[in-house]
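A.B. asks: Here's a sequence, model it:
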Amino acid sequence: MKTKIFGDGYNFLIGLEKSGKKYSFEILSLYKKTNQKSAITNLNFIISELVYPTIKNSDIDTTIFLDEIKGVELFRKSVSAFKDKSWIKMLEEKLDEDRNIGGWNSNFKI
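C.D. replies: Coordinates of the predicted model:
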């Protein structure tokens, strides 16, 4: 499953895919002005708002491997949150801070 979300300053791709016996979940982001990209699954805002409440784990990498039930739950909660304009506004403020620190040079396609 993949869903694209279009924000004001960023585009997002939320993905959940079968990976062996587990499912991989990740959130990718593209900054529209410069085309800088980053996996944001391990951004503190994402962890506290979406990941931890769903899987009760804060030790997160850019890709999360989990069982199907938790994967689908996390995917659905994420898509729902990303459809909330005020939530996206808060996220984009956090992404601006993170991007200004550096590390936004990933190479993937959204």
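
A.B. asks: Low-confidence ranges, this structure, go.
C.D. replies: Per-residue confidence for the chain (pLDDT under 70) gives these ranges: 58.

A.B. asks: where do the helices sit along it?
C.D. replies: In the chain, helices defined by DSSP state H lie at 44-46, 52-55, 68-82, 85-101, listed in chain order.

A.B. asks: Spatially nearest residue to residue 87, not counting backbone neighbours?
C.D. replies: Closest residue to residue 87 apart from its sequence neighbours, by C-beta to C-beta, 6 or more residues apart in numbering: residue 81 at 5.2 Å. Heads up, the C-betas are built off the backbone N, CA and C, glycines and all.

A.B. asks: Likewise for residue 19?
C.D. replies: Nearest residue to residue 19 in three dimensions, chain neighbours excluded: residue 65, at 6.5 Å (C-beta to C-beta, 6+ apart).

A.B. asks: Identify the residues contacting the one you found.
C.D. replies: Contact analysis of residue 65 by C-beta atoms under 8 Å, 6 or more residues apart in numbering lists 19, 22-25.
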